[in-house]
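[1] here is my input; please provide its structure:
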Amino acid sequence: MTAAIIFALYAAAAGVLAPPALRGRWAVRSPRLAITLWLVLPVSWVTAVVMAVLAAAAPFPLSWPGPGPGRGQVPAGPPVAGGEMIAVAGLALAAAVMLRAAWCLAGEVHSRWRGSREHAALIAATGRPGPARDTVILDHEAPAVYCLTSGQNRIVVSAGALAALTPEQIQAVLAHERAHLRCRHHAMLILAAGLARAFPAVPLLAQAEGQLRVLAEMAADDAAARGHRRGDLAAALVILAGASPRPAALTAGGPAAMIRLERLLAAPERRRTWAAGLAAIAGLLPPAAVACVPLIVTLCDLAAHPG
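    Predicted coordinates:
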């Protein structure tokens, strides 16, 4: 039961207390680190909830055989009235949580994939080849540049954008969109949207997609700024800020344009990219550590009593 309480407390803290901390000024300075945490913590929350249910209703999956006459058998915990029914109910509840998450994720993948395929087919039929092999020009007066997850020409550039942007600005914007595709930002938005659909009452999951969308634009800005002038990208951002592409598209205009513009015009900062990996490990560490406690106890017992 101790493990169940720890898992439940961790899920409550991550689900309610983590979002304000993840929206701090540090996230603007280190968007890749913030992206890692916004991805890892929702997955960790689902894991903790499942393990809390299992630890409370069916503790035997978290137990390990110990030395002695009963060695080799997995204890089922202290006998209680209706223990078998409680265990079955717990397993069913844990399975329901995982199935709901999987079902909503599958629905989100299907919905976005179908929408992207339909829009890519429309662009292929109405567009014309762009300045690069992976681009297509759409005859539209409003300046807009965005990327798609399917189709041969995955970056859409409107005729208005070609007229309004200089060649240097166009190249910076294309680098921004290629960063989205290279880092698979669409996939992480699908994951966040699916978990939010499954558990909309959890603040961490409900806010993840919106935060990730802004952070993805910042990360793509940083990637483009490494090979192009920050002033060109900032000027293009001002021109494209009013574009209104498809809701699921990642666009160089994108959300939080003012914050992104301030970041681009400010002096570039050195960012510790290795911290993202440490943050991902830290986010999953509490559930994994509690799950391994019985194994650690058994190993210590075996070391103390080798016979």
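[2] whichever strand or helix holds residue 122: how far from the chain's middle?
    Following DSSP states H and E, the helix or strand that holds residue 122 is helix 83-126. Computed by CA atoms, centre = their mean, to the nearest Å, the separation of helix 83-126 from the middle of its chain amounts to 15 Å.
[3] sheet partners, orientation included, of whichever helix or strand comes after it?
    Scanning forward in sequence from helix 83-126 by DSSP H and E, the next helix or strand is strand 128-129. Here strand 128-129 is paired, per DSSP bridges, with strand 135-138 (antiparallel).
[4] which residues touch the partner strand?
    Residues outside strand 135-138 that contact it (CB atoms under 8 Å, 6 or more residues apart in numbering): 123-124, 126-130, 144, 153, 155-159, 162, 174. Backbone N, C-alpha and C define where each C-beta goes, glycine included.
[5] could you redo the last one with a cut-off of 6 Å?
    The set of residues that contact strand 135-138 without belonging to it, under CB atoms under 6 Å, 6 or more residues apart in numbering, is 123, 127-128, 130, 153, 155-158.
[6] not counting its neighbours along the chain, what's nearest the residue nearest the centre of the chain?
    For the chain, the residue lying nearest the average C-alpha position, counting by CA atoms, centre = their mean, turns out to be residue 39 (3.2 Å). Nearest residue to residue 39, sequence neighbours excluded (CB to CB, 6 or more residues apart in numbering): residue 188, at 5.7 Å.
[7] okay, and that neighbour sits in which element?
    Residue 188 is part of helix 185-198, with elements assigned from DSSP H and E.
[8] just checking, next helix/strand downstream of that helix?
    Criterion used, DSSP H and E; the element after helix 185-198 is helix 203-225.
[9] elements contacting the next helix or strand after that next one?
    Moving toward the C-terminus from helix 203-225, the first helix or strand encountered (DSSP H and E) is helix 230-240. Based on contacts counted as 3 or more CB pairs under 6 Å, 6 or more residues apart in numbering; DSSP states H and E, the elements that helix 230-240 packs against are helix 167-182, helix 257-265.
[10] tell me the most buried of the ones you listed?
    Per-stretch averages of neighbours, counted by mean count of other CB atoms under 10 Å, single out helix 167-182 among the helices and strands packed on helix 230-240, with a mean of 21.
[11] okay, the angle between that one and helix 257-265?
    110 degrees (axes from the mean of the first three to the mean of the last three CA atoms, to 10 degrees).
[12] by contact count, what packs against helix 167-182?
    For helix 167-182, the packing partners by 3+ CB pairs under 6 Å, 6+ apart come out as strand 145-147, helix 203-225, helix 230-240.
[13] how about 10 Å then?
    Counting contacts by 3 or more CB pairs under 10 Å, 6 or more residues apart in numbering; DSSP states H and E, the secondary-structure elements packed against helix 167-182 are strand 135-138, strand 145-147, strand 155-158, helix 159-164, helix 203-225, helix 230-240, strand 250-251.
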